[in-house]
Structure formats: C-alpha cells, structure tokens
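Engineer: Give me the fold of what follows.
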Amino acid sequence: MTFQELGLRQEILDAVAELGFVSPMPVQEQVIPYMLTHENDLVALAQTGTGKTAAFGLPILNMVNVEQRKIQSLVLAPTRELCIQIANDIKNFASKMRGVKVVPVYGGESIVVQYKQLDVQPQVLVATPGRLIDLINRGKVDLSEVRFLVLDEADEMLNMGFQEDIETILKDVPETRRTLLFSATMPSEIAKISRQYMHDAAEISIGTRNAGSDNVEHIYYMVRADHRYLALKRIVDMNPDIYGIVFCRTRQETKDVAEKLMKDGYNADALHGDLSQAQRDTVMNKFRIKNLQVLVATDVAARGLDVSDLTHVINYNLPDDVEVYTHRSGRTGRAGKKGVSCVIVHTREGRRLREIERIIKKEFKHMPVPNGMDVCKRQLFHLIDKMERVEVSNEEIDVFMPQISAKLAYLSKEEIISRFVSLEFNRFAEYYKDAEDINVDVKEGKKGKDKGEGKSKRGQKVRFKMLYGTKQNATPRSVLGVINDVTQDKSIIIGDIEITNKFTFFDVYADQADKVRQAFEDAGEPLAIAEPREVVSKAPKAQSEKSVRNRERERRRDNDERRGRERRNDRNERNERDDRRDRRDRGDRRDNRSKESAENPDKPWRRRR
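Structural biologist: I've put the predicted structure just below:
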C-alpha cells in the first residue's frame, strides 16, 4: 500500500512525497483510513518510534477547515521536546497547505513569546498539559471549537503525574470532540480514561498489547551487583561504534555512572532532573548530532528525546515496572532498523527477568560478559576496519610522503603495521591484561532461592537499625537488596523487617549477626543494635497466584504514586522558574510578587499545581 491509496488531500500527499515517504507504516496504514471514514473515538497501541505522529497528524490536517481561525485540533504531549517534535512534524506535513497554522506551547520558554503566537489562533495546537492549563486560566486559549483531541504517549503522561491535568483539560473541550489516544502500553489508568472520557472507542493494536518490538534483540548479562560498572565498560568496549542510552534508576546513580565513564575516557554525558533547561538542551543536542556516543539518563529525563538510529539501550538496573522496560527498549530498533536492548542483572533478579519475558512476549538471550581477550580482539579489528575505510587525500599528503618514507625506511612493512596498530591497541591490552572473569553462572540466578530458604530455624535474633526509611522510598524488597549487596552472602537469613519514616529495623540470627555488622562497617555504613528478641522462623507458606498478583498490583500502584509525586514536584519547580522569568519579561520586578502569588492562588500569574 502507498500513501496515494489512503484518501488524503493532494497537498498532503505532495508534502509526504517531498519528505521521502512512499509506503505507510503499519500503524499509519490502519489508523489513517479509520479516522477518515469513522466518527467514533480511537485507542491506538503501538511502540514508540513506529510513526504514530503521522498516523494522527495526516488525517487531522486532511479534515482541517483552513478558513476557520479557531483551534480545531489539540495534541497533548508529556514533554517539551516531544511537543516541539510533533509540532515540527505536523508543520512539515502541512507545508503545501496554505493558511494552516500549527503552534506548540510548553514550559521552559517565555510565555510572552507564546502569547504573541496565539494572537491569531492556530488550527492545530500542540501543548504540554501544565502550560496549556496556564494559558486557559489566562484566557489566551479557546478550546470551544476543538474537534479532535489527541493524547500522544498517554502512558508516559500518566507516569509523569499528569492525570489530574489531563482530566481538567478533558472537561474543558466540547463533548462532541473525537478523542484519539496513542500509547505504547495499556496500563489500567489508560483503560480508565478510555472508559470515562471516550465514546464508543475502537482499539487498534499494532503487534501484541504491551509486547516489545520485533526489531529489538533482548539480551542479558549476569554479574554480581558490585560488578555492574565493569560489565557496562566491557559492553561498551565490545561495541566500538555504539550509539546508545544507559538507563539508571536514580539521579545520583546517573551522575556517578556518567562521571566514571567520562573519567575513564569514554565519550559520555549525563541527563537527569538536576540539570537546568539550558544544560539539558545542550546535552541532548550533543547526543542528537552524535558528539556523544553514550548518554546516561533517568527514565524521566530521557522522555521526549527522539533519536531514530540508536544501536543499543542498556539497562544498568532492571526497572520496577515492565511498562518502563517496554518504553526503554522501544527507543532502539526504530524505522525498520535493528537494535539491541541489554540488561545487566545479578543473581537474584532471574524471576523478574522471566516476568518481563512473559509480558513483552520476547525471550532474553543470555550473553557472557566479554573477557579481556575478546575486547582487545574486537578493538583491534575495528581499528583495522577504520583504516580500510579512511579516505586518503593524496594531493595534501603526497608532499610529505618522501620525508615519511625516509624516516621509516629502516622498518619492514610488518613492523610499520605492528607499530601503527599498537598506538591504539596497547591501551586496551594494558587495561585488560589481568582482567578477571566477572560472569556468574546462570543456573545460580535461575534458582531464585537463598541457601536455607524454606527451612525452619529457632534461636536468638539480633535486631539491627538502619538509617534508611520511607523517606528514601524504602521497601522490604529494597532493604533485602541493600543487605545482599553489602554482605554478598546468600546464607544469611533475614527475619522480620519493619520500616519507619527514617529507619528500618530487621532481624538476623545471632550466629550471623557479627558477619552482617562487620560487612556494613566495612562499607562505611555501621548499623545500630536494637533490642534482641527470640523468634521462631517458619518456612514460608505457598502463596496463591492471586495473592502474588495483588501484591504486584499494590507495588506498581505505590511506584506510580511515588513517581507521580516526584514528577509534580519537578514540574512545579520548573513552573515557578518560568513564572519568575515571565514576570521579568513583563517588566514587573517587584520583590513581593512571589509572596502575593502564594497568598493569592487565584491570581492569573499563578500556575496550576
């Protein structure tokens, strides 16, 4: 099928042909004809990078009324970068259509500039939820004539804490509008919005729901937890032409990994929430133009980064939610290209890996972490390949060839080649000369049990107190992870765990207490001893599949709420910075403005929280 067969305007077909597109991608092939021939709402599920922007952008342009200077189509996006990208794509699709205006509005830019762009209302408005609500409250945006409402990356918007904002916006658009929801996954919150705010919604799924892309190879490396960084370095060294993203869980971990990579001479940088907008733009632009080979990022910071030719996505840690892994892996293998999604796991994460496999319906292939000889061999032949492909400018170099030949006349051809190769090869050979094998037996990881699990044990216990509580998002699972990482001893049996706001209390049998205490002291995190008590440890009861699912659901809900709070806090901080900049642009420099706005939340300059 070609775009000519989809029933689009000739001006749109001309623009698409000028962009070099001939055949629609699967999501476009199904969504575009449906939107042009039906009147009901639509839920489209497709992986990131499969052409969703054209899938909704082309039909809404096809049905736009050029004569009407009102907002007819509203597109909501979770991030500033994605908002700009969608607006630019739609502008390109409308390049041959006269009178069509497309405007993006988002936080991080002066609202005065966006005010001027909205003096004449566009037919297509692309917006982030926070800035749109601000403009609605200021009376600068009129949504009364909206015919199409598009929620792009809807699951990402919910993960970032935008659910309340989305519901507010949905109440402000006409009931007669058509709602189009595009998402890579279908969590329960998306299904709820579909039921509550959409009418007779059809569903189009490209591939299997929540499944991973067919163009992505999923592999995992199993190492000890304290060997993660060594494994990461070897993965990067084994792929000299890597162009990828390393995903970490926290901002601090992102900073630490990026700093280590840069210190070790890698072309890398970090992207996280502590960067200003200007710093963020600089890093992202450097990565887009491939001045950086490796970008170390958190999931939140990397949202909106659109790069089509990533070779690798590396999961430094397994994410808490399978949907997050789906989004991460979907950043590679785009536009028909092949990609690799790597996971660095330790021995206790085998079950979680199997759970991800079950949901994305893809099998992870185990790969051993390369040893020193493997890395040196790969780097050597990569250097030879570069030498074969290099373009020689004979005119410029011929002038120097007599002198070069005279200087190297005493060397044979083999010696010249050997010395040339050694210039680059020696660095890796020296580093990996005595490199240890950091692989862990996969069978050990598949067992999913600690020694002694399931056995009864009776005796005196020692209760330890750790400075790690709910303020630091502590959970029983994360506490066990900390203990395991510090002690590196699977024979230690942990009893009851109690988590308070600031502290965590956990029980250890007295005959293992000294080992635990010494391990934490060696790690620089000494434990305090609470009141000991005698407890009988019984074998865990077999748990039903239903109870496991309920606990998993509760864990995901807690994670969603936590991430939502973090996103809202980050967004509020950005909004406050935007407000201060906007007030400076308007020439209002009164020092008491922030105090007035806090005391009077209904002031028009106050941003919705």
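Engineer: Could you list the low-pLDDT ranges of the stretch 51-200 of the chain?
Structural biologist: Counting by pLDDT under 70, the stretch 51-200 of the chain contains low-confidence ranges at 186-187.
Engineer: can you give me the strands for it?
Structural biologist: 73-76, 102-105, 124-127, 148-151, 178-183 (DSSP state E, counting those that start in this stretch).
Engineer: okay, these in TSV with mean neighbour count and distance to residue 140 next?
Structural biologist: Bear in mind the C-beta positions are built from the backbone N, C-alpha and C, glycine included. Shown next, in TSV, are the strands of the stretch 51-200 of the chain (neighbours: other CB atoms under 10 Å; distance: least, CB to CB, whole Å):
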stretch	mean neighbour count	distance to residue 140
strand 73-76	25	14
strand 102-105	23	9
strand 124-127	26	11
strand 148-151	25	18
strand 178-183	24	23
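Engineer: Make JSON lines from the ones you listed and add distance to residue 298 to it.
Structural biologist: Below are the strands of the stretch 51-200 of the chain laid out as JSON lines (distance: least, CB to CB, whole Å):
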{"stretch": "strand 73-76", "distance to residue 298": "22"}
{"stretch": "strand 102-105", "distance to residue 298": "24"}
{"stretch": "strand 124-127", "distance to residue 298": "24"}
{"stretch": "strand 148-151", "distance to residue 298": "23"}
{"stretch": "strand 178-183", "distance to residue 298": "21"}
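Engineer: Pop the domain breakdown of this protein in here.
Structural biologist: Using automatic domain parsing, the domain parsing of the chain gives 3-205, 216-371, 373-390+398-431, 452-537.
Engineer: Of these, give the one that comes closest to residue 567.
Structural biologist: domain 3-205 (3.7 Å; CB to CB).
Engineer: Sticking with residue 460, tell me its helix or strand.
Structural biologist: Per DSSP states H and E, residue 460 falls inside strand 457-466.
Engineer: In terms of secondary structure, what does that strand contact?
Structural biologist: Strand 457-466 sits against strand 504-509, helix 510-522, strand 528-529, strand 533-537, with contacts defined as 3 or more CB pairs under 8 Å, 6 or more residues apart in numbering; DSSP states H and E.
Engineer: what packs against the shortest one?
Structural biologist: With contacts defined as 3+ CB pairs under 8 Å, 6+ apart, the secondary structure elements packing on strand 528-529 are strand 457-466.
Engineer: Quick check: next helix or strand after the strand it packs on?
Structural biologist: Using DSSP H and E, the helix or strand that follows strand 457-466 in sequence is helix 476-487.
Engineer: Show me which parts of that following helix are buried, residue by residue.
Structural biologist: In terms of neighbour count (16 or more other CB atoms under 10 Å), helix 476-487 has its buried residues at 479, 482-484, 486-487.
Engineer: need those in JSON lines with distance to residue 329 and pLDDT, can you?
Structural biologist: As requested, those are arranged in JSON lines below (distance: CB to CB, whole Å; pLDDT from 0 to 100):
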{"residue": "479", "distance to residue 329": "29", "pLDDT": "86"}
{"residue": "482", "distance to residue 329": "27", "pLDDT": "86"}
{"residue": "483", "distance to residue 329": "30", "pLDDT": "87"}
{"residue": "484", "distance to residue 329": "26", "pLDDT": "82"}
{"residue": "486", "distance to residue 329": "30", "pLDDT": "85"}
{"residue": "487", "distance to residue 329": "32", "pLDDT": "84"}
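Engineer: now, which of these sits nearest residue 307?
Structural biologist: residue 482 (34.3 Å).
Engineer: For residue 230, see how far away the closest one is.
Structural biologist: 20 Å (CB to CB, to the nearest Å).
Engineer: And residue 236, by the same measure?
Structural biologist: Distance, residue 236 to residue 230, by CB to CB: 11 Å.
Engineer: Quick check: closest non-adjacent residue to residue 441.
Structural biologist: Nearest non-adjacent residue to residue 441, counting by CB to CB, 6 or more residues apart in numbering: residue 222, 8.0 Å away.
Engineer: quick one on the thing from earlier: figure out which of the domains of the chain is closest to residue 565.
Structural biologist: Going by CB to CB, the one of the domains of the chain nearest residue 565 is domain 3-205, 7.0 Å.
Engineer: Now find how far off-centre that closest one is within its chain.
Structural biologist: Relative to its parent chain, domain 3-205 has a centroid offset of 22 Å by CA atoms, centre = their mean, to the nearest Å.
Engineer: Let's see the pLDDT reported for residue 589.
Structural biologist: On the pLDDT scale, residue 589 is placed at 46.
Engineer: begin at 21 from here
Structural biologist: Okay, residue one is now 21; in that scheme the one you just asked about reads as residue 609.
Engineer: what ranges do the helices span in the stretch 321-470 of the chain?
Structural biologist: All helices of the stretch 321-470 of the chain, identified by DSSP state H, counting those that start in this stretch, fall at 342-349, 370-380, 392-409, 414-417, 421-427, 433-451, 462-467.
Engineer: Go through the ones you listed and pick out the most buried.
Structural biologist: The highest mean neighbour count among the helices of the stretch 321-470 of the chain, using mean count of other CB atoms under 10 Å, belongs to helix 342-349: a mean of 23.
Engineer: ok and that one relative to strand 198-203, angle-wise?
Structural biologist: Here helix 342-349 points in a direction 80 degrees away from that of strand 198-203 (axes from the mean of the first three to the mean of the last three CA atoms, to 10 degrees).
Engineer: surely residue 115 meets residue 36?
Structural biologist: No. Using CB atoms under 8 Å, residue 115 is not in contact with residue 36, being 9.9 Å away.
Engineer: Settle it for me: which of the two has more neighbours?
Structural biologist: Between residue 115 and residue 36, residue 36 has the larger neighbour count (other CB atoms under 10 Å), namely 23 against 15.
Engineer: That one and residue 357, how far apart?
Structural biologist: Taking CB to CB, one finds residue 36 at 21 Å from residue 357.
Engineer: Over to residue 516?
Structural biologist: 51 Å.
Engineer: do the same with residue 105
Structural biologist: 18 Å.
Engineer: Looking at those two, which is more packed in?
Structural biologist: Legend: neighbour count by other CB under 10 Å for residue 105 and residue 357, higher for residue 105 (19 against 14).
Engineer: ok, and the closest non-adjacent residue to residue 248?
Structural biologist: residue 364 (5.3 Å).
Engineer: Now do the contacts for the one you found.
Structural biologist: 240-241, 243, 248, 251-252, 255, 334-337 (CB atoms under 8 Å, 6 or more residues apart in numbering).
Engineer: Ranking the helices and strands packed on strand 477-486 by mean neighbour count, which comes first?
Structural biologist: Most buried among these, counting by mean count of other CB under 10 Å: strand 524-529, with a mean of 21.
Engineer: average model confidence for that strand?
Structural biologist: 88.
Engineer: Next, the angle from it to strand 477-486.
Structural biologist: 150 degrees.
Engineer: other SSEs contacting strand 524-529?
Structural biologist: Short answer (3+ CB pairs under 8 Å, 6+ apart): strand 524-529 packs on strand 477-486, helix 496-507, strand 514-519, strand 553-557.
Engineer: Out of those, flag the one nearest residue 224.
Structural biologist: Taking the helices and strands packed on strand 524-529 one by one with CB to CB, helix 496-507 is closest: 36.7 Å.
Engineer: Tell me which helix or strand residue 282 sits in.
Structural biologist: Going by DSSP H and E, residue 282 is in helix 271-283.
Engineer: Could you list the buried residues of that helix?
Structural biologist: Residues 271, 273-274, 277-278, 281 are the ones in helix 271-283 that count as buried (16+ other CB under 10 Å).
Engineer: ditto for stretch 86-94
Structural biologist: Neighbour counts over stretch 86-94 (16+ other CB under 10 Å) mark 91-94 as buried.
Engineer: Also stretch 508-523?
Structural biologist: Quick answer for stretch 508-523 (16+ other CB under 10 Å): 510, 512-515, 517, 519, 523.
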